[in-house]
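>>> Next comes the sequence, and after it the predicted model I'd like to discuss.
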Amino acid sequence: MNIINFTPISAFTGGAIIGFSVIVFFLLNGRLIGISGIANKFATEKNNRFNNFLFLIGLIIGPILYKFFAKQEISIVISDSFILLAIAGLLVGIGTKISGGCTSGHGISGIGRFSLRSIIATITFMIVGILTVLLKSLI
């Protein structure tokens with residue numbers, strides 16, 4: 001099966017919405033956006049706890065609202081192996097701590113600021129992700 005997934009209009013629209021959200025988040029909170037940082041601050045700090053909670057809830061509610069209004073099925077299959085998901089989550093957490101941020105923080109906020117550390121981190125994320133998909137397709 002050959003599926004072409006070239007959707008420039010929706011990709012541009014989604015990117016513009018994400019970029020606008022980063023600007024609004026910075027203006028309202030005075031800090032850059034990154035999901036791991038927000039989740040960490042929600043779990044460990046009392047400052048801005050409500051704002052962090054709203055952001056995290058928005059990550060969950062967003063796809064639900066999309067499915068409701070778009071009336072399209074969202075079909076994403078990651079894995080049915082709990083052990084594999086636990087190991088993957090642990091590795092993501094370790095990588096996030098080592099690199100000083102997550103893919104969203106480095107890839108969206110960091111690259112937007114022309115941070116060399118974020119550019120290198122994002123290139124590393126992409127290379128490892130591509131290699132992982134290639135390796136998984138061989139297994």
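Great, that's in hand.

>>> what's the burial count for Asn114?
For residue 114 the amino acid is Phe, not Asn. Neighbourhood size, Phe114 [other C-beta atoms under 10 Å]: 8. C-beta coordinates here come from the backbone N, C-alpha and C atoms, glycine included.

>>> cool, the one 5 residues further on as well?
Ile119 sits with 15 neighbouring residues when counted by other C-beta under 10 Å.

>>> Surely it is in contact with Gly112?
No: contact status for Ile119 versus Gly112: not in contact, 10.6 Å apart, counting by C-beta atoms under 8 Å.

>>> next helix or strand past the helix or strand of the chain with the lowest mean pLDDT?
Ranking every helix and strand in the chain by mean pLDDT, DSSP states H and E puts helix 103-104 at the bottom, with a mean of 83. With elements assigned by DSSP states H and E, the helix or strand that comes after helix 103-104 is helix 111-112.

>>> Show me what that next one is in contact with.
19, 22, 118-119, 122 (C-beta atoms under 8 Å, 6 or more residues apart in numbering).

>>> Please name the residues that touch Phe26.
Phe26 makes contact with 32-33 under the criterion C-beta under 8 Å, 6+ apart.

>>> contacting residues around the least confident helix or strand of the chain?
Residues contacting helix 103-104 (C-beta under 8 Å, 6+ apart): 33-36, 122, 125.

>>> before we move on, the earlier item: so which of the contacts of helix 111-112 is the closest to Leu54?
The closest of the contacts of helix 111-112 to Leu54 turns out to be Val22 (C-beta to C-beta; 15.6 Å).
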